[in-house]
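Participant: Need a 3D model of the following:
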Amino acid sequence: MQRGPVPDADERAIADFLDALWAESGVAQATLESYRTDLEGYARWREGQGGGLQGADRAALFDYFAERTHAGYSPRSNSRLLSTLRAFYAHCVRRHVREDDPTALIDPPRLPRSLPKALSETDIDSLLNAPDITDPIGLRDRAMFELMYACGLRVSELCNLPATALNLRQGVLRVMGKGSKERMVPLGEEAQHWLQRYLSESRPQIAGKRARAPLFLEHSGQPPTRQRFWQLVKQYAAAAGIDPRRISPHGLRHSFATHLLNHGADLRALQMLLGHSSLSTTQIYTLVAREHLQKLHAKHHPRG
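Facilitator: Modelled structure (predicted):
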């Protein structure tokens, strides 16, 4: 695909769209950057074809998607791009920059069903027990894992938690989720125990005399990055004898949701705990739970 600078007119149109999207919907910064990347890529391609971003027609979009498919882009990537373009051209129509939406009659690519990867409760116990709690960083890691599994946090939410978000006396955690939406999540007794130990035994050693805002710290005084957390998950999964192909960066979050459903949790309550804006997003976990029950039935029922 084309590289190089984006034409000035297209750059201004993209900036105007992203500013409006942030003001109207309050979407996360990472989502805005994803939209920017998609639109700039299409703008460069359009320039190579002798056209501009705002004036593209349906035929140009078909050609672009065909070229991406030939280049090996996945259906999921193309589906995300189509969503970005729909939002952009809807914005152009609202601003009377153009009269029609060229994406209106384009069907999204059919996506394969992708289920979240959840660990068994036995594997979760092994993973949680893997860190060396005699070491300050190991105790921190145990507290991080316990908290993520207890509250179903996203990795970004976990790594960016301020110390003020935690209220051990009331047993709750205040989480700032996607789109700056805040939710309150209850802590379990195990998570409270390990967090108390981390705060009293480990965090003072890691932070030293410096006052630090993040709840979880590296020796540098900064919070662990998402990439660092993923490294820790792989490291401890290997130590616990868990196949790395069976775990993902959000493995503890997925396990939290799946295990709650397996034990009879209400889907609406789970939606609130996970911070999903749509119930349809939460419903994917019912498929995971159903597959789990089918496997149990097949394994243990005499006529399974």
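Participant: can you tell me the helix or strand for the closest residue to residue 118 other than its chain neighbours?
Facilitator: Setting aside the residues directly before and after it, residue 118 is nearest to residue 258 in space (CB to CB, 6 or more residues apart in numbering), at 3.9 Å. For every residue, glycine as well, the C-beta is placed using N, CA and C. Taking DSSP states H and E as the criterion, residue 258 maps to helix 251-262.
Participant: For the nearest residue in space to residue 182 that is not next to it in sequence, give me its contacts.
Facilitator: Distance criterion CB to CB, 6+ apart; nearest residue to residue 182, sequence neighbours excluded, is residue 176 at 5.5 Å. Counting by CB atoms under 8 Å, 6 or more residues apart in numbering, residue 176 touches 157, 160, 165, 182.
Participant: shouldn't the third one be in contact with residue 177?
Facilitator: No. Counting by CB atoms under 8 Å, residue 165 sits too far from residue 177 to count as a contact (11.7 Å).
Participant: which phi and psi does residue 167 have?
Facilitator: For residue 167, the backbone dihedrals (degrees, to the nearest 10) come out as phi -130, psi 90.
Participant: in the sheet, who's paired with it?
Facilitator: Beta bridges link residue 167 to residue 172, judged by DSSP bridges.
Participant: How many neighbouring residues does it have?
Facilitator: Residues near residue 167, counting by other CB atoms under 10 Å, number 12.
Participant: per-residue confidence at it?
Facilitator: We have a pLDDT of 95 for residue 167.
Participant: What separation do you get for the residue positioned nearest the centre of the chain and residue 33?
Facilitator: By CA atoms, centre = their mean, the mean C-alpha position of the chain lies nearest to residue 154, the distance being 5.9 Å. Relative to residue 33, residue 154 is positioned 17 Å away (CB to CB, to the nearest Å).
Participant: Residue 100 contacts residue 93, doesn't it?
Facilitator: Yes. Using CB under 8 Å, residue 100 is in contact with residue 93, at 7.1 Å.
Participant: still on that earlier bit, between the contacts of residue 176, which sits nearest residue 220?
Facilitator: Compare each of these with residue 220 using CB to CB and the shortest gap goes to residue 160, at 15.7 Å.
Participant: Test my guess that the closest one contacts residue 224.
Facilitator: No. Between residue 160 and residue 224 there is no contact under CB under 8 Å: 10.0 Å.
Participant: Would you map the strands across the stretch 151-300 of the chain?
Facilitator: 166-167, 172-176, 182-186 (DSSP state E, counting those that start in this stretch).
Participant: what's the average pLDDT for the second one?
Facilitator: In other words, strand 172-176. Strand 172-176 comes out at a mean pLDDT of 93.
Participant: Now do it against strand 182-186, angle only.
Facilitator: Angle, strand 172-176 to strand 182-186, by axes from the mean of the first three to the mean of the last three CA atoms, to 10 degrees: 150 degrees.
Participant: sorry, back to before: got a winner among the contacts of residue 176 for most neighbours?
Facilitator: Neighbour max across these (other CB under 10 Å) = residue 157, 21 neighbours.
Participant: From residue 91, how far out is it?
Facilitator: 29 Å.
Participant: thinking again about what came up before, tabulate the strands of the stretch 151-300 of the chain (CSV), appending distance to residue 47.
Facilitator: Formatted as CSV, those follow (distance: least, CB to CB, whole Å):
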stretch, distance to residue 47
strand 166-167, 50
strand 172-176, 38
strand 182-186, 42
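Participant: Out of those strands, which is the most enclosed?
Facilitator: Across these, averaging neighbours per residue (mean count of other CB atoms under 10 Å) puts strand 172-176 on top, at a mean of 18.
Participant: could you dump that one to CSV, C-alpha only?
Facilitator: This file holds the C-alpha atoms of strand 172-176, laid out as CSV (Å, rounded to 0.1, in the frame of the first residue of the first chain):
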residue,chain,number,x,y,z
VAL,A,172,-14.5,-1.6,45.7
LEU,A,173,-12.5,-0.5,42.8
ARG,A,174,-13.2,2.6,40.6
VAL,A,175,-12.3,1.9,37.0
MET,A,176,-12.1,4.3,34.1
